[in-house]
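**Student:** please work out how this folds:
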Amino acid sequence: MVETMEETAQPIPNAQISVFRRDERGSIFIMECSTDEFGKTQRIELDAPDSSHSTDIHSLTRPYGQYDIHVAKEGYDTEVRNGVQIFAETDSTLTVIMQNSGVRSVSNTIDIGEHQLHEGGGCRSC
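**Tutor:** Okay, the predicted model is just below:
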C-alpha cells in the first residue's frame, strides 16, 4: 500500500501512483493506481523472491523485489522512491510526504540502497 500526505499529516486523495519493477534491464512499468479520500491505495500485490533467500548466507539471489514508485498530484512536487524493497509474505506501507509545488513543480527523488542481506551478494566472510 502507498499512503500520501502533506507535512501536516493531511491525506492527499487522488494522487497517481506508478509502480515499476526493477531488474537487470532497468525499470519496467507494471501498474498504475490512485489514492482514495484517505490518501491510501488499495493493497498492491508485488512479486518478491522466496523468503528462504534471506536466511541462506550462500544465496546469490537478492532476497527481496525492488520497485520504483512515482507519486504525482497536480499542485504538488512529484515524489520518486527508487529501489523500494519488497519481501515475500510481508505487508508493507510506503508513506510519501508530498510538498506543495509553489511556483514551479519539481521532482523529489530518494534512492534506496541495497539491503544488508544482499550488499555484494552472498556471504562475504564465507
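**Student:** going forward, measure contacts and count neighbours with C-alpha atoms only.
**Tutor:** Will do.
**Student:** just for the protein, where's the confidence low?
**Tutor:** 51-61, 102-107, 109-126 (pLDDT under 70).
**Student:** okay, which residue is most central for it?
**Tutor:** residue 84 (3.7 Å; CA atoms, centre = their mean).
**Student:** if I look at that residue, how far off is residue 75?
**Tutor:** Distance, residue 84 to residue 75, by CA to CA, to the nearest Å: 25 Å.
**Student:** residue 42 now?
**Tutor:** Counting by CA to CA - residue 42 and residue 75 are separated by 23 Å.
**Student:** repeat that for residue 63.
**Tutor:** Distance from residue 63 to residue 75, by CA to CA: 37 Å.
**Student:** compare the two (neighbour count), which wins?
**Tutor:** Taking other CA atoms under 10 Å, residue 63 and residue 75 do not tie; residue 63 has more neighbours (24 against 14).
**Student:** tell me which element that one falls in.
**Tutor:** According to DSSP states H and E, residue 63 maps onto no helix or strand at all.
**Student:** do I have it right that residue 35 meets residue 5?
**Tutor:** No - Residue 35 lies out of contact with residue 5 (CA atoms under 8 Å); the separation is 10.3 Å.
**Student:** please enumerate the shared neighbours of these two.
**Tutor:** Shared contacts of residue 35 and residue 5, defined by CA atoms under 8 Å, 6 or more residues apart in numbering, are found at residue 12.
**Student:** show the contacting residues for residue 23.
**Tutor:** Residue 23 touches residue 66, counting by CA under 8 Å, 6+ apart.
**Student:** tell me the phi and psi of it?
**Tutor:** phi -150, psi -170 (degrees, to the nearest 10).
**Student:** which strand residues bridge it?
**Tutor:** In this entry, residue 23 is beta-bridged to residue 26, by DSSP bridges.
**Student:** for residue 1, see how far away it is.
**Tutor:** Per CA to CA, residue 23 is found 21 Å from residue 1.
**Student:** nearest residue to residue 29 other than its sequence neighbours?
**Tutor:** Leaving aside its sequence neighbours, residue 29 sits nearest to residue 20 (CA to CA, 6 or more residues apart in numbering; 4.2 Å).
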